[in-house]
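Q: Quick one, structure for this:
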Amino acid sequence: MTMTSSTAPTTTPATPAAGPAPDSGARTPEAAEVIRDARRRVDDLDGRIIGLIQERMAVSAVVQRERIASGGPRLSLSREMEVLGHYRDQLGRQGTALAMTLLELSRGRV
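A: Coordinates of the predicted model:
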């Protein structure tokens, strides 16, 4: 049996049409694409930020270990106040909360 030109074409495209991503809140395909690209960048930045936090934690552990080994205190509250002030100056009130979280993560078990 041979196919004729009267054979109806399939209505399902080979690849889905680019439409708004259902979870993006976008109302147009263009906006959905911008959101997808921005989310990819945010995900990349989050990965880099997490890596930097882990690096900060490791460096802080070295500082603490050396301070204790030399007979000093485990924590330097004056240094922590400097860090809090720096984050507050750069990021506002929420920066202080972020710095507190970073300090808590970097202290390890107290």
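Q: Neighbours of Tyr87, how many?
A: As a burial measure, Tyr87 scores 19 neighbours (other CB atoms under 10 Å). Where C-beta positions appear, they are placed from N, C-alpha and C, glycine not excepted.
Q: same deal with Ala32?
A: Residues near Ala32, counting by other CB under 10 Å, number 19.
Q: and the gap between it and Asp44?
A: Separation of Ala32 from Asp44 (CB to CB, to the nearest Å) stands at 19 Å.
Q: So Asp23, which state does it fall into?
A: Recorded secondary structure, Asp23: coil (DSSP: H, G, I helix; E, B strand; the rest coil).
Q: so how far is Thr96 from it?
A: Distance of Asp23 to Thr96, computed by CB to CB: 32 Å.
Q: more neighbours, the two?
A: Thr96 (17 against 9).
Q: element containing the nearest residue to that one once chain neighbours are set aside?
A: Leaving aside its sequence neighbours, Thr96 sits nearest to Arg88 (CB to CB, 6 or more residues apart in numbering; 4.5 Å). Element membership of Arg88 [criterion: DSSP states H and E] is helix 77-91.
Q: All set, thanks.
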